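In: Starting from these lines, generate the structure:
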Amino acid sequence: MITPPYLIPGDTVGIVAPARKVSREEISIFMNLLESWGLKYKFGKNLFGEYNQYSGTDEERSADFSDMLSDPQVKVILAARGGYGSLRTLRLIDFSKFEKQPKWIAGFSDITAFHSYINRFLNTESLHCLMPLTYKPGVKESEDSAESLRKALFGEKIEYQFPSFPGNREGTVNAEILGGNLSVLFSLNGTGFFPDMKGKVLFIEDIDEYLYHIDRMMLNLLHSGSMNNLGGLIVGGFTDIKDNTIPFGKRYDEIISEIVGKFKFPVAFSFPGGHQNSNMTLIFGRHVQLSVESEHSMLRFSEK
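Out: Below you'll find the predicted structure:
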């Protein structure tokens with residue numbers, strides 16, 4: 001995997017909104033944080049635009065992204081927020097300059113579509129991390145998550161220890177990590193944008209889903225063969241999960257555990273990542289060591 005250049009003070013972060021609309025007020029505090037890191041920032045032309053639920057038309061949002069890819073001053077492209085719409089822009093973006101001058105693509109949730117494409121087809125690492133809209137100053141978990149992003153951008157060492165969980169399966173695996181939002185991955189399965197999971201450590205998280213639909217999505221990964229040669233599984237936050245009037249009968253973790261029960265790879269629940277205050281940065285495409293033990297789990301990233 002290609003590692004984009006790490007940042008140095010004075011570098012510029014490009015802010016775009018490839019999915020839902022966002023206001024200047026909603027992200028202004030995060031811009032102050034970037035400046036405190038010694039970084040500059042540049043807004044996409046259509047960042048604060050509006051077209052139905054999007055920040056602009058598909059063409060306008062993709063043009064913003066392409067402009068940032070072509071701008072030699074921009075070292076990181078950070079999505080201001082997620083929502084829905086990234087996949088509608090992905091097909092319109094010109095990545096030719098990116099292949100000659102790789103840069104960090106950062107964000108989570110709907111940005112999973114970009115991670116999948118960039119990791120698989122452009123053989124380049126990317127950052128699954130909090131975004132300007134989700135940053136909550138003064139909240140320790142959010143501040144820690146922002147600090148993990150700073151470390152990743154500047155090439156500092158990151159590793160995580162997180163609590164054990166009843167559904168964990170012990171073991172150790174050394175492999176590349178990929179993944180993101182389960183709903184987005186589900187929508188990509190069967191398309192040319194779906195990631196190659198063979199031998200990889202898969203990270204998944206989600207929000208606002210019904211239990212039966214989590215079962216449906218996990219079964220999709222099972223029956224499509226996507227998990228047949230998986231190296232390991234990390235489960236992050238599954239927040240605001242819903243149930244029907246007639247209960248599904250299982251928690252989200254029980255659904256996942258049941259479906260991956262036929263495999264032998266290590267499984268680690270409770271990673272502090274996803275749609276929650278604690279959303280620690282993951283370097284997708286990077287080689288990691290996942291160790292799941294009885295007392296805790298460890299995730300260590302190789303250094304480059």
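
In: Buried residues, stretch 146-157. List them.
Out: Of the residues in stretch 146-157, 146-150, 152-153 count as buried by neighbour count, 16 or more other C-beta atoms under 10 Å. Any C-beta I mention is one placed from the backbone N, CA and C, and that applies to glycine too.

In: now those residues as JSON lines including distance to Gly231, secondary structure and pLDDT?
Out: JSON lines is the format used below for these (distance: C-beta to C-beta, whole Å; DSSP: H, G, I helix; E, B strand; the rest coil; pLDDT from 0 to 100):
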{"residue": "Ala146", "distance to Gly231": "29", "secondary structure": "helix", "pLDDT": "98"}
{"residue": "Glu147", "distance to Gly231": "28", "secondary structure": "helix", "pLDDT": "98"}
{"residue": "Ser148", "distance to Gly231": "23", "secondary structure": "helix", "pLDDT": "98"}
{"residue": "Leu149", "distance to Gly231": "25", "secondary structure": "helix", "pLDDT": "98"}
{"residue": "Arg150", "distance to Gly231": "29", "secondary structure": "helix", "pLDDT": "98"}
{"residue": "Ala152", "distance to Gly231": "22", "secondary structure": "helix", "pLDDT": "98"}
{"residue": "Leu153", "distance to Gly231": "26", "secondary structure": "helix", "pLDDT": "98"}
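
In: Using JSON lines, lay out the residues you listed together with distance to Arg81.
Out: As requested, the buried residues of stretch 146-157 are exported to JSON lines (distance: C-beta to C-beta, whole Å):
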{"residue": "Ala146", "distance to Arg81": "15"}
{"residue": "Glu147", "distance to Arg81": "20"}
{"residue": "Ser148", "distance to Arg81": "19"}
{"residue": "Leu149", "distance to Arg81": "15"}
{"residue": "Arg150", "distance to Arg81": "19"}
{"residue": "Ala152", "distance to Arg81": "19"}
{"residue": "Leu153", "distance to Arg81": "19"}
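
In: From Ser164, how far off is Gly180?
Out: Look at Gly180 and Ser164: by C-beta to C-beta, to the nearest Å, they are 24 Å apart.

In: Correction: the previous question concerned Phe48.
Out: Per C-beta to C-beta, Phe48 is found 44 Å from Ser164.

In: try Asp64
Out: Plainly put, Asp64 is 43 Å away from Ser164 if you go by C-beta to C-beta.

In: which helices and strands sit right next to the lowest-mean-pLDDT helix or strand in the chain?
Out: One helix or strand of the chain scores below all others by mean pLDDT, DSSP states H and E: helix 96-100, with a mean of 90. For helix 96-100, the contact count by 3 or more C-beta pairs under 8 Å, 6 or more residues apart in numbering; DSSP states H and E identifies helix 58-70 as packing neighbours.

In: Summarise which helices and strands the helix it packs on is packed against.
Out: Against helix 58-70 (3+ C-beta pairs under 8 Å, 6+ apart) you get strand 12-16, strand 74-79, helix 86-90, helix 96-100.
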